[in-house]
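S.K.: Task: produce atomic coordinates for the following.
(one chain, ligands or ions: 2)
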Amino acid sequence: MLILMRVGATDEQVQNVCAVIRDHGHEPLVLPGQDRLAVGIPDALTPEERINLEMSIGSLEAVSKITHTSRPYKLASLEFHPERTVVEVKGVKIGGGNFVVMGGPCSVESLEQFQQSAEIVRASGAQILRGGAFKPRSSPYAFQGLAEEGLKIMKQVGDETGLVTISEVMSPDLVSLVAEYVDILQIGARSMQNFPLLIEAGKSGKPVFLKRGPSATIDEFLLAAEYVLSQGNPRVILCERGVTPLDRAYTRNTLDLAAVPVLKEHSHLPVIVDPSHGTGVARYVSAMSKAALVAGADGIMIEMHPNPKVALSDGAQALTPEQFTALMREINALAKFLALNVLG
Ligand code: PEP
Ligand code: MN
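M.R.: Numbers count the residues shown, from 1 in each chain. Ligands and ions are numbered 1, 2, ... in the order given. All right, here's what the predicted structure looks like:
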């Protein structure tokens, strides 16, 4: 339930509403807005509770309107927070009519490989550099990442190029370490419901890039975002990266592009699409990147490797430098056509 207060409602009038909510056994959530304030009740209410609350609150001073939401998330909801969130990192704005491109290899493999990757990302005009140092691999025998050594490389290359950096953190105890070296914390698809990790990432105050779990519903995805937001960290970026497919013979995942307008309709958070993991096939990445732009995404995350054939992880879906540069040109042209602002 959401109680919209009149413009200019006094603190006392707001507190009266909160007191009545508490009398009914619920904890109110005060949601300041641009010109008026709302009070939310995050709990699921029975029809009887709803009617009783409405009767008690409807006649209070400065209450303008009471609305109901059947959605379980509140802080992530556009209804509760009508201004769209723009996450600004080192001057790069994610959301708010910009289209950002995050590019880089799946894994940081060496200083040389990462410097080469960064140079291609920078030269093509993109502003965010991705790289994995702690890798969530299906097999314990596969390359697990360079760990802190990889983070050090990311920090060095980020400083050298001025690019914003993003890397995955897999466990709560590593949040402070990863936060020391990179600008944006990535929560991987497999970790979307690692609640202690979400809480720790929320507490860090760093921007959090949250990937949708391979089998997560939209409600589960936004509730995971809610965990981060509820720690007082408003800088959350959503990422659609494909869901478990019906048929793995052709693609690794099924990129759910419909999730983009759905998320935009129900949430104020920026939405990025990852067509690399979404398809798992380098030659499909360009088409799905352009589709993401047209679908209304705020950006894309693309895996690119100086030499995909020798990549230590996800080589099959990595673009070559030439393919990445060509994609950037096409994205720019398309964005111009759609009157969007492209940040690389
Ligand atoms: C990645 O970005 O390299 C990654 C492991 O992605 P996901 O969590 O979406 O599988
Ligand atoms: Mn990868």
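
S.K.: What residues does whatever residue of the stretch 101-250 of the chain ends up closest to ligand 2 make contact with?
M.R.: As assessed by CB to the ion, ligand 2 sits closest to residue 106 within the stretch 101-250 of the chain, at 3.3 Å. Just so you know, the C-beta spots here come from the backbone N, C-alpha and C atoms, and that holds for glycine as well. Contacts for residue 106 (CB atoms under 8 Å, 6 or more residues apart in numbering) come out as 132, 135, 276, 303, 305, 311, 312, 313, 314, 317, 318.

S.K.: Output those of those also counted as contacts of ligand 2.
M.R.: residue 314 (CB under 5 Å from the ion).

S.K.: Spell out which two among the contacts of residue 106 are the most distant pair, please.
M.R.: 276 and 312 (15.3 Å; CB to CB).

S.K.: And these two? Which one has more around it.
M.R.: residue 276 (30 against 20; other CB atoms under 10 Å).

S.K.: And the more buried one, what's its pLDDT?
M.R.: As predicted, residue 276 sits at a pLDDT of 98.

S.K.: Then residue 42?
M.R.: Confidence score, pLDDT, at residue 42: 78.

S.K.: can you pull the contacts of the residue nearest to residue 94 when sequence neighbours are not counted?
M.R.: In space, and not counting its chain neighbours, residue 94 is closest to residue 87: 4.4 Å by CB to CB, 6 or more residues apart in numbering. By CB under 8 Å, 6+ apart, the residues touching residue 87 are 93, 94, 95, 207, 235, 236, 237, 270.

S.K.: and the second one, how far is that from ligand 2?
M.R.: Spelled out, that is residue 94. 20 Å (CB to the ion, to the nearest Å).

S.K.: Run a quick neighbour tally on residue 292.
M.R.: Residues near residue 292, counting by other CB under 10 Å: 26.

S.K.: The helix or strand containing it close to ligand 2?
M.R.: Using DSSP states H and E, residue 292 sits within helix 282-295. No. Helix 282-295 stays clear of ligand 2 (CB under 5 Å from the ion), getting no nearer than 12.0 Å.

S.K.: Going forward, count from 426.
M.R.: Renumbered: residue one is now 426, and that last one reads helix 707-720.

S.K.: Who are the packing partners of that helix?
M.R.: helix 684-691, strand 696-698, helix 700-704, strand 724-728, helix 746-762 (3 or more CB pairs under 8 Å, 6 or more residues apart in numbering; DSSP states H and E).
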